[in-house]
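A.B. asks: here's a sequence, model it:
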Amino acid sequence: MSLGLLLLTVPAHGAPRTNTKAMTIRVVSVTLGTKIIVDKAPKGSLSVGDTFWAKSNLRNEHAQFGKPKGALVGNEVAIYAVESLAIGTTLAIGTIKMTTSLPGGTIRSSDRRSSEGWGGTESQVTGGTGVFAGARGTVASEPLTGGFVTRSFGHLGDRDRKVYRIKLP
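C.D. replies: Predicted coordinates for the structure are as follows:
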């Protein structure tokens, strides 16, 4: 009889994990600073290979992380690398990689996008650290200036609503 009890308590190997946790995080991002970290020739003009850096503060859009609405809860660092240019314009296509620091860990995300555009963007969450280790999902970014928006990467004071929809293992 004890052998039967022992067999019942042994877990099945290879069984799929179904205990993922869904999480939605809403913050307002305000760009604090930007700089060119790689400026390919011709210097001072937008060129393939140019790389930009931007840092933003993140504030709660509503109470979360044990802090009230409007509280500073983290920051985001974004790196944008120009891969191609539309001839005769300042429109660049490139890859953006972001690291978001929040209470308990970081969230990494990336996507391919133009340097100017209308409205919001969506990036893929590719992982994280701490409580966000193994995170997968999306982060949607929407300008808070309203209406038709055309702007370049990371102007000081830009305000965006960011919504992280992630699943944790």
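A.B. asks: low pLDDT regions in the protein?
C.D. replies: Low-confidence segments of the chain, defined by pLDDT under 70, are located at 1-18, 88-90, 115-119, 145-156.
A.B. asks: show me where it has its helices.
C.D. replies: Under the criterion DSSP state H, helices of the chain are mapped to 2-9.
A.B. asks: tell me the centre residue of it?
C.D. replies: Residue closest to the mean C-alpha point of the chain, counted by Cα atoms, centre = their mean, is residue 109 at 4.4 Å.
A.B. asks: just the buried residues of stretch 127-145, please?
C.D. replies: Of the residues in stretch 127-145, 128, 132, 135, 137, 139, 141, 143 count as buried by neighbour count, 16 or more other Cβ atoms under 10 Å. Bear in mind the C-beta positions are built from the backbone N, C-alpha and C, glycine included.
A.B. asks: go on, stretch 41-54?
C.D. replies: Residues of stretch 41-54 classed as buried by neighbour count (16+ other Cβ under 10 Å): 46, 50-54.
A.B. asks: same question, stretch 69-77
C.D. replies: By neighbour count, and taking 16+ other Cβ under 10 Å as the criterion, the buried residues in stretch 69-77 are 73-76.
A.B. asks: what about that stretch, distance to the chain center?
C.D. replies: Distance, stretch centre to chain centre, for stretch 69-77: 13 Å (Cα atoms, centre = their mean, to the nearest Å).
A.B. asks: what sits up against that stretch?
C.D. replies: Residues external to stretch 69-77 that are found in contact with it (Cβ atoms under 8 Å, 6 or more residues apart in numbering): 27, 29, 32, 53-65, 67, 98-103, 162.
A.B. asks: make it 6 Å
C.D. replies: Applying Cβ atoms under 6 Å, 6 or more residues apart in numbering, the external contacts of stretch 69-77 come out as 55-60, 62-63, 65, 67, 98-102.
A.B. asks: list the buried residues of stretch 95-103.
C.D. replies: 96, 98-102.
A.B. asks: what about stretch 47-56, start to end distance?
C.D. replies: Stretch 47-56 has an end-to-end distance of 24 Å (Cα to Cα, to the nearest Å).
A.B. asks: also stretch 100-108?
C.D. replies: Taking Cα to Cα as the measure, stretch 100-108 stretches 6 Å from start to finish.
A.B. asks: then stretch 122-135?
C.D. replies: Its start and end residues considered, stretch 122-135 measures 16 Å (Cα to Cα).
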